[in-house]
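S.K.: one predicted model, sequence on top.
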Amino acid sequence: MNTLQYLYRKGCLGKLVLNNRIVMSAMSVNLQPDFINDELNPRVIDYYGERAAGGAGLIIASIAYVEEQTKATVSTLGIWDDRLIPSLSKLVQRVHTHGVKIGLHLVHGGSYAPSHLNGKQAVSASAFTNWLTGETCRELSVTEIEKIVAGFARAVNRAKEAGFDLVEYNAYSGYLIREFLSPRTNKRNDRYGGELENRLQFLKEIIDASRREVGEDYTLIVKISGDEYLPDGNTIEEAEKIAEALQNYGIDGLHVSPAGHEASLPLTQGLAPRGAFVYLAQRVKKKVDIPVITAHIGDPVLAEEVLAEEKADFIAFGRQLLADPQFPKKVCEGRFEDVRPCVRCHQGCFDKIWVGDEATCLMNPGALKGREFELHPTQERKKVMIAGGGPGGMEAARVLASRGHEVVLYDRNSQLGGQLIPCAVPPGKKDFSKAIKYYSTQLAKLNLRIVLNTEVTPQVVQTEKPQVLIVSTGAKPVIPSIPGVNGGNVCTAFDILEGRVRTGKRVAVIGGGGIGCETAYYLACQSAMTPEIMTFLMRWGKLKSELLSDLSKGCKEITILEMLPTVARDIGITRRGFLRRSLAMYDVKIITEAEVNAIIDSGVRFSKEGEMHTIPVDTVVLSVGTQSDNVLYSQFQEKVPELYILGDAREPRNAMEAIKEAAAIACQI
């Protein structure tokens, strides 16, 4: 039963009628190659077709470059030549088969188009050094600008010819149009620079030229930045003026998103509360009469509230549709518990894309793999025993039971989840608990046998007599050979995150990898004033804004000791910087290139650059890595018909690798 009345109402963008208010936002996924002899890679068509089958109202395909030599990513769509139209039409036809509308997200890479991809220097509104590529772009001449305007218009016409229902201009994330709009990157002194009206001129000319090509009835929308959150960048006040201007230029809808690639705050990671940026769309909506799309929500119930309260007209979902293409259909049917959640980890999407790899998803290893991970009924039902109920063990159990095998899942703990349990504890990572809930729900529905609080021994295996044994027993913390490591003031990071140990006020974390840094961050936040209390005091005028920074911190004194030159090296590229900045904001002291020599009752002794140091601490937290717990695997070599090992039991890695490995093994049994 569908309880979401607003999310599943029909809606209009211009004269285009959508079946519901769910928009799949444009996302680069780096499917490689994009075109093969001017034919779109069939995997691209399958990717969008699968999501269209899931029931979104509109899919915006991304990103399509209007000029071939302006790519900012290794592989994506293109609309730069007429010869691409027939192939793009096949994509449109596949999506239309499911009664879903499809748009095309148009981009010129601007300063983000590196020379190694395009064979030439990048261009932009003005000359500056791009923060990501490290290359200096050159300023476009007026003649070049006019050619690009004409190129955009031709691209829009090609999109219409290919059958796309609308186009969306990228004017938010970086790239050329935003670089003209922003005073941060536009330093021109001609008709394209200076005051906001002039900075809008480039986009106005693109819209005018596009209208001449496709007429007044074809739907054109623009994705803008509601606030760049950068020094000298556009703020919400400028965004409101930009929105009013675009409405006057004849645009049919606005997609309002925060900041861009060089954001100064977390946008999509778990560190940002869901719905944190809806206020930007709400502000813009008050200034215009055309529909407004908002994003960064990811939750259907919150999306319903946003629509009901008229803060926006449509809700864009991105990575949630990467995690579960069937999300709109499941929610419409009231099957919330069956939605495979996006845990906002960035491991498979942004972290992969930014280093040039193909995207995937921690929760959905088959996100871009087409039929590789399709579940087919088994031809021979087998009894499969799985030792270990962490992410890999749970995924293996789900896939195997779904295919018709008899599955029994053992875990030594009182609940399933494995290392997902402590993983969900640090700030910004609570969504990992949704993964545990999802798996627990699905396994319960599959009626497989789950045995908890039981260590899997050879005797247990012999009693079960499985035809297949899967060892997914995870990993255990490495305990370094340091004098004093067995002292009463020493514990592991997992002891902290799983709530077995409370620390003193002064804490030293030995090991500055991802787990060590996240544990330090978690400890630094303890005993801080809650946002609820802050809001209460501020509303009553009893809390000065200059006190917020100090009151948001805990009272512990945290020090990280790391042997390498930097910390958090094993954290993904899009999350690493924000974690480091969070540690700095909470006054966590970081000492790198430090070798711990001894732990004493009153502190830790370490050497750095040949000198000995001692820091006084009450508690020492060990976080120097994990080692595979694979004893069971070695005990059963050649003693069961089929034996597999996966996840950390094979090699310490992350949950994404464990789930992918588990799915692959479970699909072949």
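M.R.: Now that the structure is in, tell me what you want to look at. Numbers count the residues shown, from 1 in each chain.
S.K.: who does residue 167 form a beta bridge with?
M.R.: Note on residue 167: beta-bridge partners by DSSP bridges are residue 104, residue 220.
S.K.: please report the distance of the residue nearest to residue 563 when sequence neighbours are not counted from residue 668.
M.R.: Closest residue to residue 563 apart from its sequence neighbours, by Cβ to Cβ, 6 or more residues apart in numbering: residue 595 at 6.0 Å. The way it works is simple: take the backbone N, C-alpha and C, and place the C-beta from them, glycine included. For residue 595, the distance to residue 668 (Cβ to Cβ, to the nearest Å) stands at 45 Å.
S.K.: next one: residue 598
M.R.: 50 Å.
S.K.: now do residue 301
M.R.: From residue 301 to residue 668 the distance is 38 Å (Cβ to Cβ).
S.K.: who has more neighbours, these two?
M.R.: Per other Cβ atoms under 10 Å, whichever of residue 301 and residue 668 has more neighbours is residue 301, with 12 against 7.
S.K.: would you confirm that that one belongs to a helix?
M.R.: Yes: under DSSP: H, G, I helix; E, B strand; the rest coil, residue 301 falls within a helix.
S.K.: so how far is residue 3 from it?
M.R.: Taking Cβ to Cβ, one finds residue 301 at 9 Å from residue 3.
S.K.: confirm that residue 598 sits in a strand.
M.R.: Yes: counting by three-state DSSP, residue 598 is located in a strand.
S.K.: pretty sure it is touching residue 605, no?
M.R.: Yes: proximity of residue 598 to residue 605 meets the contact threshold set by Cβ atoms under 8 Å, at 4.5 Å.
S.K.: count the residues that sit near residue 292.
M.R.: Applying other Cβ under 10 Å, I find that residue 292 has 25 neighbouring residues.
S.K.: quick one: contacts for it?
M.R.: Counting by Cβ atoms under 8 Å, 6 or more residues apart in numbering, residue 292 touches 253, 254, 255, 256, 281, 284, 285, 312, 313, 314.
S.K.: export these as TSV, with columns for neighbour count.
M.R.: What follows is these, written out as TSV (neighbours: other Cβ atoms under 10 Å):
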residue	neighbour count
253	26
254	30
255	30
256	29
281	29
284	25
285	21
312	26
313	21
314	27
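S.K.: can you map out the helices along the stretch 351-500 of the chain?
M.R.: Secondary structure of the stretch 351-500 of the chain by DSSP state H, counting those that start in this stretch: the helices cover 391-402, 420-423, 432-445, 458-464, 493-497.
S.K.: same thing with the stretch 551-669 of the chain?
M.R.: So, for the stretch 551-669 of the chain - with DSSP H, counting those that start in this stretch - the helices run 573-585, 631-635, 655-668.
S.K.: so residue 652 versus residue 515, what's the distance?
M.R.: 11 Å.
S.K.: got it, and residue 472?
M.R.: 20 Å.
S.K.: who has more neighbours out of the two?
M.R.: Neighbour comparison, residue 472 and residue 515: the larger count goes to residue 472, with 34 against 27 (by other Cβ under 10 Å).
S.K.: per-residue pLDDT, the more buried one?
M.R.: What the model reports for residue 472 is a pLDDT of 98.
S.K.: with residue 209 instead?
M.R.: pLDDT at residue 209 comes out at 98.
S.K.: gap between the closest residue to it other than its chain neighbours and residue 66?
M.R.: Take residue 209 and drop its neighbours on the chain: the residue closest to it by Cβ to Cβ, 6+ apart is residue 153, 3.7 Å away. Per Cβ to Cβ, residue 153 is found 9 Å from residue 66.
S.K.: who has more neighbours, these two?
M.R.: Between residue 153 and residue 66, counted using other Cβ under 10 Å, residue 66 has the larger neighbour count: 25 against 21.
S.K.: just give the closest residue to that one, not the sequence neighbours.
M.R.: In space, residue 66 is closest to residue 155, 4.1 Å off (Cβ to Cβ, 6+ apart).
S.K.: please apply the same query to residue 13.
M.R.: Nearest non-adjacent residue to residue 13 (Cβ to Cβ, 6+ apart): residue 253, at 4.5 Å.
S.K.: tell me who's in contact with the residue nearest to residue 209.
M.R.: So, once contact is read as Cβ under 8 Å, 6+ apart, residue 153 ends up touching 206, 209, 210, 212, 213.
S.K.: closest to residue 504 out of those residues?
M.R.: residue 206 (61.0 Å; Cβ to Cβ).
S.K.: residues contacting the closest one?
M.R.: 149, 152, 153, 169, 177.
S.K.: and it, helix, strand or coil?
M.R.: Per three-state DSSP, residue 206 ends up helix.
S.K.: what's the most buried one of the helices of the stretch 351-500 of the chain?
M.R.: helix 391-402 (a mean of 27; mean count of other Cβ atoms under 10 Å).
S.K.: ok, back up a step: in strands only, show me the contacts of residue 292.
M.R.: Per DSSP state E, strands hold the following members of the contacts of residue 292: 253, 254, 255, 256, 314.
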